[in-house]
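> what's the 3D shape of this:
(one chain, ligands or ions: 1)
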Amino acid sequence: MCLEIPSNRVTALIGPSGCGKTTFLRCLNRLNDTIPGARVTGTIRLDGVDIMGQYIDVAELRTRVGMVFQKPNPFPKSVFENVAYGPRIHGLAHSRAELSVIVESALRHAGLWDEVKDRLASPGTALSGGQQQRLCIARAIATQPEVLLMDEPAAALDPIATSLIEALIDDLRESYTIVVVTHSMQQAARISQHTAFLDHGRLVEVGETTEIFSTPREKQTEDYITGKIG
Ligand SMILES: Nc1ncnc2c1ncn2[C@@H]1O[C@H](COP(=O)(O)OP(=O)(O)OP(=O)(O)O)[C@@H](O)[C@H]1O
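Presented below is the predicted three-dimensional model:
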């Protein structure tokens, strides 16, 4: 079965615990390459090009396909440096002034600028959990990726910080293609337009979110969304 991830939309990956959502997400920017014994079959194409191909530059792939993890993981550096790091190592800025413009723009886009503009030199780890996660999103978008992968990005946050992240995901899809793993079906229904249901390492069904939740085609999907399994 083929999963097409449409651009400028949010695709949610749902399914019972342990069904392989995170593993699948990590295939999309080849993060599983680092796991001994991991083996990938099938084909994953980004803009028509097989990302498992031998000529793919994995570091470049990861700038095109950024990632945000469940637990906010800012670098032990200042707020500014957290966001500046990627653009600097990829040579996206030619001067400190250009770098500042990129950092401000990423922080604005992540909905964090007003809260941190007076503390850019403070450690990123001193921010609240929700702010740290938005900092990680700013860090991910600072290199202008095409795709943003998010692995349960709000799972470690309180309800207010969660709703800020959900609103942000909705804003970001204008500029990025987003794939989100979520444990919460309510969250998938709120934030995504496209949903894929996985079970036991297999893609069972994929479609418009409204259809998956109202009229699933597969019994397995129906059992999951009605709470009979999972
Ligand atoms: N297609 C697959 N083939 C073989 N093993 C797999 C496959 N997908 C996942 N696994 C293994 O199953 C386990 C659970 O996978 P994973 O963490 O990706 O699931 P998950 O759906 O994200 O779980 P959770 O919802 O609990 O976070 C891992 O040990 C992973 O290596």
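> list the buried ones in the least confident helix or strand in the chain by mean pLDDT?
Averaged element by element with mean pLDDT, DSSP states H and E, the chain has its least confident helix or strand at helix 58-64 (a mean of 93). For helix 58-64, the neighbour count (16 or more other CB atoms under 10 Å) marks 61-64 as buried. In this view, the C-beta of every residue, glycine as well, is placed from N, C-alpha and C.
> which residues of the chain lie near the ligand?
15, 17-23, 183, 201 (CB under 6 Å from any ligand atom).
> widest-spaced pair of those residues?
Farthest pair in those (CB to CB) is His183 and Gly201. Separation: 17.0 Å.
> so between the two, which is more surrounded?
Between His183 and Gly201, counting by other CB atoms under 10 Å, His183 is the more crowded of the two (16 against 12).
> just the helices in this structure please.
21-27, 58-64, 79-89, 96-109, 113-116, 129-141, 159-172, 185-191, 209-214, 219-225 (DSSP state H).
> out of those, flag the one nearest Leu149.
Ranking the helices of the chain by proximity to Leu149 (CB to CB) places helix 21-27 first, at 5.3 Å.
> so how far is the closest one off the chain centroid?
Mean C-alpha position of helix 21-27 versus that of the full chain (CA atoms, centre = their mean, to the nearest Å) differs by 11 Å.
> which residues sit against that helix?
Helix 21-27 has contacts (CB atoms under 8 Å, 6 or more residues apart in numbering) with 13-15, 32, 40, 44, 149, 151, 179, 181, 198, 201.
> if we can go back for a sec, so which of the buried residues of helix 58-64 is the closest to the ligand?
Using CB to the nearest ligand atom, Arg62 comes nearest to the ligand of the buried residues of helix 58-64, at 18.6 Å.
> contacts only, for that closest one.
Contacts of Arg62 (CB under 8 Å, 6+ apart): 29-31.
> looking at those residues, which is nearest Ala189?
Looking across the contacts of Arg62 and measuring by CB to CB, the closest to Ala189 is Asn29, at 25.8 Å.
> restricted to buried residues, select the residues of the chain next to the ligand in ChimeraX.
Applying 16+ other CB under 10 Å to these, the buried members can be selected in ChimeraX as follows:
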select :15,19,20,21,22,23,183
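> got TSV for the residues of the chain next to the ligand, with distance to Pro76 and pLDDT too?
Shown next, in TSV, are the residues of the chain next to the ligand (distance: CB to CB, whole Å; pLDDT from 0 to 100):
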residue	distance to Pro76	pLDDT
Gly15	34	97
Ser17	31	95
Gly18	32	95
Cys19	34	95
Gly20	32	95
Lys21	29	97
Thr22	25	96
Thr23	28	95
His183	29	93
Gly201	36	92
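> which of the contacts of Arg62 fall within strands?
In strands, judged by DSSP state E, none of the contacts of Arg62 are found.
> so can I have a markdown table of those residues showing distance to Ala97, neighbour count and pLDDT?
Output for the contacts of Arg62, formatted as a markdown table (distance: CB to CB, whole Å; neighbours: other CB atoms under 10 Å; pLDDT from 0 to 100):
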| residue | distance to Ala97 | neighbour count | pLDDT |
| --- | --- | --- | --- |
| Asn29 | 31 | 22 | 95 |
| Arg30 | 34 | 18 | 95 |
| Leu31 | 34 | 19 | 94 |
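> closest one of the residues you listed to the ligand?
Nearest member of these to the ligand, counting by CB to the nearest ligand atom, is Leu31, at 11.2 Å.
> that closest one: what's it in contact with?
Here Leu31 is in contact with 62, 67 (CB under 8 Å, 6+ apart).
> and for Asn29?
Per CB under 8 Å, 6+ apart, neighbours of Asn29: 61-62, 65-67, 147, 149.
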